[in-house]
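1. below are the sequence and a predicted model for it; my questions follow.
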Amino acid sequence: MTTFTPVTRRKSKLRLALTGVSGAGKTLGALYIAYGITGDWGKIVLIDTEHERARFYADRSDLQTGTFLYASMEPPYSPDKYKEYVQDAALAVGPDGCVIVDSFSHVWNNEGGVLDIKDRIAQQAGKNSYTAWNEAGKEQNSLVNTILSVNCHTIVTMRSKMAYALEENERGRMQPVKMGLSPVQRDDTEYEFDIVLDIARNHIATASKDTTFLDKFGQVITPELGRQLREWLDDGVEPDFCTDCGKVITSTQKYTATQLVEKSVNKFKTKLCYKCMKERLKHAAETVPDGANNPDA
């Protein structure tokens with residue numbers, strides 16, 4: 001039977017995506033938000049797939065930027081490489097830091113990305129375009145889940161392109177109509193983030209998706225936006241993180257998160273998620289009585 005508990009606000013990490021055309025200010029906007037939310041340039045790491053262009057923003061007195069941590073990613077832009085960089089970056093900055101992925105578009109349509117993976121799979125014997133999309137989609141999902149689960153704030157940037165659709169005009173003929181900017185990524189990627197800000201050529205950012213207070217936001221991004229987001233995200237109860245895997249401890253069908261924490265602390269003197277508690281009990285099975293490797297015991 002599923003267990004339901006009264007809902008409460010919890011202290012959360014930033015999960016934000018910035019989209020925009022070339023020159024809109026995605027990289028600088030990401031740096032400003034990251035600095036506002038951390039208050040420390042040393043707690044920001046930027047993963048650069050844009051041929052090291054982010055170096056131009058380091059220690060700029062005119063832009064009031066400082067020295068942030070940095071890594072340039074070279075092709076191939078595979079999902080596995082992205083996951084490795086993001087996980088290493090999260091460890092480098094710690095729970096109060098921020099990881100910027102600039103940009104998240106390369107892993108979709110550039111060398112070694114998801115579309116490349118799909119094409120390679122489709123060429124294999126017994127495969128077709130449909131089954132290839134299924135396998136390539138799993139690679140994409142794994143990457144997104146990795147980015148959203150690291151124990152720090154995360155910002156991704158995505159290139160935008162103009163989207164068009166065919167609509168019938170007053171003469172009954174079909175004609176292309178501009179539908180707005182579409183990020184260069186899988187169609188549903190925007191839904192995965194808590195906040196999506198679209199930056200226009202005039203550098204004005206507006207929210208196309210928001211779970212905070214930015215529904216009517218329409219300004220140039222400054223560090224003040226990051227500070228405001230930090231205050232909002234901190235206005236809640238700090239969630240419990242698993243000591244072993246670093247992920248937030250979430251409820252199962254049988255136990256609430258609070259119950260899992262209590263059980264793991266009683267057994268191991270530390271906070272563990274259900275999966276990691278099972279792993280610890282499995283390894284201890286040879287030296288403990290039968291049945292003790294069952295977290296339900």
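-> Yes, it's here.
2. hmm, residue 191 is touching residue 209, no?
-> Yes - Residue 191 is within contact range of residue 209, at 7.4 Å (criterion: CB atoms under 8 Å). C-beta: built from backbone N, CA, C; applies to glycine.
3. these two: which is more packed in?
-> residue 209 (17 against 8; other CB atoms under 10 Å).
4. which SS class is residue 207?
-> Following DSSP: H, G, I helix; E, B strand; the rest coil, the label given to residue 207 is strand.
5. go ahead and confirm it touches residue 215.
-> Yes - under the criterion of CB under 8 Å, residue 207 makes contact with residue 215 at 6.0 Å.
6. and these two? which has more neighbours close in?
-> Between residue 207 and residue 215, counted using other CB under 10 Å, the more crowded position is residue 207 (17 against 10).
7. now that one: how far from residue 196?
-> Distance, residue 207 to residue 196, by CB to CB, to the nearest Å: 7 Å.
8. ok, longest helix in the chain?
-> helix 129-149 (DSSP state H).
9. flag every buried residue along whichever helix or strand comes after that one.
-> Using DSSP states H and E, the helix or strand that directly follows helix 129-149 along the chain is strand 153-168. Using 16 or more other CB atoms under 10 Å as the test for burial, strand 153-168 gives 153-160.
10. out of these, which one has the weakest pLDDT?
-> Among these, residue 160 has the lowest pLDDT, at 87.
11. okay, stretch 267-275 in PDB with CA atoms only?
-> What follows is stretch 267-275, C-alpha atoms only, in PDB (Å, rounded to 0.1, in the frame of the first residue of the first chain):
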ATOM      1  CA  LYS A 267      21.500  -0.100  11.600                       C
ATOM      2  CA  PHE A 268      24.600   1.800  10.300                       C
ATOM      3  CA  LYS A 269      24.800   5.100  12.200                       C
ATOM      4  CA  THR A 270      24.400   7.000   9.000                       C
ATOM      5  CA  LYS A 271      21.800   8.100   6.500                       C
ATOM      6  CA  LEU A 272      21.200   5.800   3.500                       C
ATOM      7  CA  CYS A 273      18.700   5.500   0.700                       C
ATOM      8  CA  TYR A 274      16.800   2.200   0.300                       C
ATOM      9  CA  LYS A 275      19.100   0.900  -2.500                       C
END
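12. chain center to that stretch, what's the gap?
-> The chain centroid and the centroid of stretch 267-275 are separated by 26 Å under CA atoms, centre = their mean, to the nearest Å.
13. and it, which residues are buried?
-> For stretch 267-275, by 16+ other CB under 10 Å, it's 267-268, 271-274.
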